[in-house]
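Novice: quick one, fold the following:
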Amino acid sequence: MTRLSDYQQICHAFQERGALPPCTLGPDPGPGFSMTLRENRLGPVTMGVTDISARRPWTGEMVSVDESDLYTVVMPLVGFHHVVQRDREVLLRPGQPTLLDATIPTRRQTSSYGPFQIMFTAVPRSALGLHTGRITDHLLATELPADDGIGSLTTFYLRRLCKQTGELSPAAAERVGRSCVELITAYVGDLLCDRPDLGDGVTDALVLRAQSFADAHLGDHELSPSAVAASVHVSVRYLHKLFADRQMTVAGWIRRRRLERCHLDLSDPVQASWSITEIAHRWGFTDSAHFSRSFKAAYGLSPRDHRITACSPPR
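Specialist: Now for the predicted structure:
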């Protein structure tokens, strides 16, 4: 946790924090402004809380300076928060979430004097597996439902998880982060499918069903695009088109999910008795050398080096 009162320090901290996209803030709100940043990594997810204290209403320009592949669920916990992205404006009350794109300039404004508290959950855009164009056109900087159904479940889960992120072991944090991605995917996918004006919401439902089938059969060495297509009663060609529309390939998505499962199991001390080859085979890899190359390309470490690093007791 970092508490900052000097505005230049705050800007520098945002640029250097690493887990979220670098950005700049402005203009300087003057004396009496302070900000506390708390964030934790949960596998692919970054979750945290920003506390702001100000003697007068504050406007911050947050402009990403890279091409970070992130969506961020933002929800005020204390105070009202005004957000503008892509010429779309939303005033968020406590408990009201919205979705923002980290690559698009964002203006945020507090509606009165502090204190304010804002929770954020950043998720890789590619991990959602949904049509990014439709998310951009219809969901960014809008009031997302949170009072019932999956909206209520998602916001309740994120609130509770945010309070306990620091208490999780690395292996548990990795697994919980993956679950968090899946819950947010279901939440956003449900919003897209429930919008009759979007026309092709059924295609997102098809992709989610296909991904669910593939997820349940990752250990099957015979899993293939044709098997996935048959499970949702579409042609292989159409399935490839659905995934291509979402900047994915079927085989690439299956390979990534298998690698993620192996990454989780190799991070788990409880599974230390399983060999790397056995874990890779469990999740559908039949060639140990190919698995090692793919794993290192995805995570920057060999499976063996990752296991040593992840399972070593903290010093």
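Novice: going forward, measure contacts between C-alpha atoms and count neighbours the same way
Specialist: OK.
Novice: where along the chain do the helices fall?
Specialist: Using DSSP state H, the helices assigned to the chain run over residues 7-16, 125-128, 132-138, 149-164, 170-193, 201-216, 225-231, 236-244, 250-266, 276-282, 288-299, 303-311.
Novice: what packs against the fifth one?
Specialist: For helix 170-193, the contact count by 3 or more CA pairs under 8 Å, 6 or more residues apart in numbering; DSSP states H and E identifies strand 34-42, strand 45-53, helix 125-128, helix 149-164, helix 201-216, helix 250-266 as packing neighbours.
Novice: buried ones in it, by neighbour count?
Specialist: In terms of neighbour count (16 or more other CA atoms under 10 Å), helix 170-193 has its buried residues at 170-178, 180-181, 183-193.
Novice: these two touch, right, Leu99 and Tyr71?
Specialist: Yes. The criterion here is CA atoms under 8 Å, and Leu99 meets it with Tyr71 at 6.8 Å.
Novice: could you list the low-pLDDT ranges of this protein?
Specialist: Applying pLDDT under 70 to the chain flags the ranges 1-32, 54-68, 110-114, 193-202, 313-315.
Novice: one more time with 80, if that's ok
Specialist: Scanning the chain for pLDDT under 80 picks out 1-37, 52-69, 105-115, 126, 129-134, 192-205, 311-315.
Novice: report the central residue of it.
Specialist: Centroid-nearest residue in the chain, with CA atoms, centre = their mean: Val123, separated by 1.3 Å.
Novice: ok, it - contacts?
Specialist: Neighbouring residues of Val123 by CA atoms under 8 Å, 6 or more residues apart in numbering: 44-46, 70-72, 181.
Novice: alpha carbons only: can I get stretch 231-240 in CSV?
Specialist: Presented in CSV, the C-alpha positions along stretch 231-240 are these (Å, rounded to 0.1, in the frame of the first residue of the first chain):
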residue,chain,number,x,y,z
SER,A,231,-20.8,-29.9,-29.5
VAL,A,232,-22.6,-26.7,-30.4
HIS,A,233,-24.1,-28.0,-33.7
VAL,A,234,-22.3,-25.7,-36.1
SER,A,235,-19.9,-26.3,-38.9
VAL,A,236,-16.1,-26.2,-38.3
ARG,A,237,-15.8,-23.4,-40.8
TYR,A,238,-18.4,-21.3,-38.9
LEU,A,239,-16.8,-22.0,-35.6
HIS,A,240,-13.5,-20.7,-36.9
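Novice: quick one: contacts of it?
Specialist: By CA under 8 Å, 6+ apart, the list of residues contacting stretch 231-240 reads 206, 209-210, 213, 225-226, 229-230, 249-250.
Novice: could you dump these to a markdown table with neighbour count and distance to Gly219?
Specialist: Below are the contacts of stretch 231-240 laid out as a markdown table (neighbours: other CA atoms under 10 Å; distance: CA to CA, whole Å):
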| residue | neighbour count | distance to Gly219 |
| --- | --- | --- |
| Leu206 | 17 | 22 |
| Arg209 | 15 | 18 |
| Ala210 | 23 | 16 |
| Phe213 | 17 | 12 |
| Pro225 | 20 | 15 |
| Ser226 | 16 | 16 |
| Ala229 | 22 | 17 |
| Ala230 | 14 | 18 |
| Thr249 | 17 | 19 |
| Val250 | 24 | 16 |
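Novice: could you identify the most distant pair in the residues you listed?
Specialist: Farthest-apart pair in the contacts of stretch 231-240 is Ala230 and Thr249; separation 16.5 Å (CA to CA).
Novice: for the contacts of Val123, which one is nearest Lys296?
Specialist: Using CA to CA, those come closest to Lys296 at Pro44, 16.6 Å.
Novice: what residues are up against the nearest residue to the closest one once chain neighbours are set aside?
Specialist: Closest residue to Pro44 apart from its sequence neighbours, by CA to CA, 6 or more residues apart in numbering: Gly177 at 6.1 Å. By CA under 8 Å, 6+ apart, the residues touching Gly177 are 42-45.
Novice: tell me the one of those nearest Ile254?
Specialist: Of all the contacts of Gly177, the one sitting nearest Ile254 is Pro44; the distance, using CA to CA, is 16.9 Å.
Novice: okay but the closest one is in contact with Val176, surely?
Specialist: No. The criterion here is CA under 8 Å, and Pro44 misses it with Val176 at 9.7 Å.
Novice: and Arg107, how far from Ala173?
Specialist: In this view, Arg107 and Ala173 are 31 Å apart by CA to CA, to the nearest Å.
Novice: His233: how many residues sit nearby?
Specialist: Close neighbours of His233, defined as other CA atoms under 10 Å, add up to 12.
Novice: for Val84, see how far away it is.
Specialist: According to CA to CA, His233 stands 41 Å off from Val84.
Novice: on that earlier part again, between the contacts of Val123, which is nearest Leu301?
Specialist: Distance to Leu301, by CA to CA, is smallest for Pro44 among those, at 16.3 Å.
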